[in-house]
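**Q** Kindly return the folded structure for what I paste below:
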Amino acid sequence: MKEKVSIMFRGIRSWEKDGGEERFLYFLNLCGPILLGPLKWPLPTYFLEGKPEYNHVSSTLIRNLCAEGRSKGKMPDLSEFVPKSVSSRVGAAYSKTE
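**A** Now for the predicted structure:
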């Protein structure tokens, strides 16, 4: 692996909202490397379920808020959408231009 990682963590809103899609992606992550090569053992994946009060928050919402803030030349205030302890780091990560 390029990044030398040994575990993958995926955040989901809830199994009810994201479970079907995540199970399909998990299946692809398991079978893809074995069937399509290069032959490598798949990474173990752990799913982190978000708190119910944040279930309305999607990555698209966060990306859009960050893009809006970037166009105005300021960092977005995400404190009502993500825990305050990580809001500035999430904003910085999503505000980077590719």
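**Q** what's next to the helix or strand hosting Glu68, contact-wise?
**A** Secondary structure assigned from DSSP states H and E places Glu68 in helix 59-71. Applying C-beta atoms under 8 Å, 6 or more residues apart in numbering, the set of residues contacting helix 59-71 from outside is 75-76, 78, 81-82, 90-91, 94-95, 97. No exception for glycine: its C-beta is placed from N, CA and C like everyone else's.
**Q** now do stretch 80-97
**A** By C-beta under 8 Å, 6+ apart, stretch 80-97 touches 54, 57, 61-63, 65-66, 69-70, 75-79.
**Q** in that stretch, what's buried?
**A** 81-82, 87, 90-91, 94-95 (16 or more other C-beta atoms under 10 Å).
**Q** In strands, which of those fall?
**A** Taking DSSP state E, every one of the buried residues of stretch 80-97 sits outside strands.
**Q** could the residues you listed be laid out in CSV, adding distance to Glu22?
**A** Supplementary listing: those in CSV, determined by distance: C-beta to C-beta, whole Å:
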residue, distance to Glu22
Phe81, 21
Val82, 20
Ser87, 24
Val90, 20
Gly91, 25
Tyr94, 21
Ser95, 26
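**Q** returning to what we had before: how far does the helix holding Glu68 sit from its chain's centre?
**A** In terms of C-alpha atoms, centre = their mean, to the nearest Å, the centre of helix 59-71 is found 15 Å from the chain centre.
**Q** repeat for stretch 85-98
**A** Centroid displacement of stretch 85-98 relative to its chain, using C-alpha atoms, centre = their mean, is 12 Å.
**Q** how about the CA coordinates for it, as CSV?
**A** Presented in CSV, the C-alpha positions along stretch 85-98 are these (Å, rounded to 0.1, in the frame of the first residue of the first chain):
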residue,chain,number,x,y,z
SER,A,85,-13.5,20.2,19.3
VAL,A,86,-12.9,19.3,15.6
SER,A,87,-14.8,22.1,13.7
SER,A,88,-11.7,24.1,12.9
ARG,A,89,-9.8,21.0,11.7
VAL,A,90,-12.7,19.8,9.6
GLY,A,91,-13.1,23.3,8.1
ALA,A,92,-9.4,23.5,7.2
ALA,A,93,-9.5,20.0,5.6
TYR,A,94,-12.5,20.7,3.5
SER,A,95,-11.4,24.2,2.6
LYS,A,96,-8.3,23.1,0.8
THR,A,97,-8.3,23.6,-2.9
GLU,A,98,-7.3,20.7,-5.1
